[in-house]
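*Asks:* need a structure here:
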Amino acid sequence: MADYKIDDTVDITDVVCPVTFVKAKVALEELDDGQILAVRMNNGEPVQNVPRSIKEEGHQILKLEDNGDDTFTLIVKKVEDE
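*Replies:* So this is what the prediction gives:
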């Protein structure tokens, strides 16, 4: 079992870039600093782009899990804005 608690989950498997990142970003903005968001996304473009975009926003990527069904779950920790 992981040593973090998921505070919120967002499923972006039904949208395409760039909306994928926008939905993930909005979900992150609703969290408090230090909380953890799980983002479920499709394999391919979202997996390449969403983690990178989230990192550029200054948040911490904890894990990218392959769900085995052509989707991935990205675990992100919200980092306080400087």
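
*Asks:* burial measure for Val10, as a count.
*Replies:* Counted with other Cβ atoms under 10 Å, residues neighbouring Val10 total 19. For the C-beta atoms, the positions are set from N, CA and C on the backbone; glycine is no exception.

*Asks:* could you say which helix or strand contains the residue nearest to Leu64 when sequence neighbours are not counted?
*Replies:* Once flanking residues are discounted, Leu64 sits nearest to Leu74: 5.3 Å by Cβ to Cβ, 6 or more residues apart in numbering. Per DSSP states H and E, Leu74 falls inside strand 71-77.

*Asks:* Neighbouring strands of that strand in the sheet, and parallel or not?
*Replies:* Strand 71-77 sits in its sheet next to strand 36-42 (antiparallel), strand 60-66 (antiparallel), going by DSSP bridges.

*Asks:* Quick check: which of the ones you listed is buried the most?
*Replies:* Highest mean neighbour count among these (mean count of other Cβ atoms under 10 Å): strand 36-42, with a mean of 21.
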